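Asks: Sequence first, predicted model second:
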Amino acid sequence: MAIELSYKRRGQGEPLVLIHGIGHRLEAFDPVFDELAEHYDVIAVDLPGFGQSPGFASGADYSLDALAEAVVANYSRWGIDNPHVVGNSMGGAVSVILGQRGQARSVTALSPAGWFWPWTLLLAGLPLLLMKIGSFAPNAILRLLAGSTIGRKIMGLSLYRYPERLTPERTYGDALSMRRAKGFWPMLLGHIPLAFRVPRIFKGATRVPTTIAWGNRDLILSPRMASKAAASLAGINFVVLDDAGHVPMSDSPDAVIAAINETTALATSVTHKTA
């Protein structure tokens, strides 16, 4: 039986599914959610084992493919078919997979995982591990840190260029979400093979309009990985997000929204030409 994923939905128009990164939750898209909902039927989702969604059954495969299949399995529940998809980090890799399979109408991938070099996986994994370990600090300590500008910078510096822009409630909630994320360890360990090979699904030409946007201040996944993505995929539109970190929705919301709109417009143009 398919996992019923937790989600937040608002707006009208073409369906747009938002997929968060490892250790995160659907609230990662809050900075762009309301504006997107003015033009789309927006569904922000918690992946299995993250946020409020239940995890996979014990012993099940926590792979990028499995995450993609879990999202698609909820399409009928949401009453949608072939939506536009936006993903960040791990969610960006999932969104690329959905596009390659023809299960998305367009793809906007924000600093997507999947194009590692072996040494970059270590650089990506270390700050994530520190955030995971730090999330087990006493709640009173987490609240104290989240309540100050300096504390929010310390807690979110690896993910954001400007972590102090997050509210104390959001920062504290993200820490608790990281602590409780059952899918964190299997997904992090499952990324290790990606450091030594680009998955087959990420090679060749794209089947749908696809944009890869990378924050030029990303401290988790180096923007130089974009060159590896460019070498393995044909037909990709690349966008540089100025002054943005690994989770650019908070740092550069306008630029992220613009990238999404441009990508979905390409899909609409293709549809009109083939109609």
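Replies: Cool, the structure landed. Small disclaimer: the values here were computed from a predicted structure and weren't measured.
Asks: in the chain, which helix or strand is least confident?
Replies: When the helices and strands of the chain are scored by mean pLDDT, DSSP states H and E, helix 225-232 comes last with a mean of 72.
Asks: Now do the strands in the stretch 51-200 of the chain.
Replies: In the stretch 51-200 of the chain, the strands defined using DSSP state E, counting those that start in this stretch lie at 84-88, 106-110.
Asks: can I get those strands in CSV with mean pLDDT?
Replies: Below are these laid out as CSV (pLDDT from 0 to 100):
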stretch, mean pLDDT
strand 84-88, 98
strand 106-110, 96
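Asks: of these, which approaches Leu159 most closely?
Replies: strand 84-88 (9.8 Å; CB to CB). Glycine gets a C-beta too; all of them are placed from N, C-alpha and C.
Asks: what angle sits between the closest one and strand 106-110?
Replies: Relative orientation of strand 84-88 versus strand 106-110 (axes from the mean of the first three to the mean of the last three CA atoms, to 10 degrees): 10 degrees.
Asks: contact partners of strand 84-88?
Replies: Residues from elsewhere that reach strand 84-88, judged by CB atoms under 8 Å, 6 or more residues apart in numbering: 14-21, 24, 28-29, 40, 93-96, 98-99, 104-112, 246-249, 260, 263-264, 267.
Asks: strands paired with it, and their directions?
Replies: Strand pairing for strand 84-88, using DSSP bridges, gives strand 14-19 (parallel), strand 106-110 (parallel).
Asks: Indicate which one of those is closest to Asp81.
Replies: Taking CB to CB, strand 14-19 is the member of the strands paired with strand 84-88 nearest to Asp81, at 8.1 Å.
Asks: Follow the chain on from that closest one and name the next helix or strand.
Replies: Along the chain past strand 14-19, the next helix or strand (assigned with DSSP states H and E) turns out to be helix 30-37.
Asks: That next one packs against which elements?
Replies: strand 7-10, strand 14-19, strand 40-45, helix 248-251, helix 253-274 (3 or more CB pairs under 8 Å, 6 or more residues apart in numbering; DSSP states H and E).
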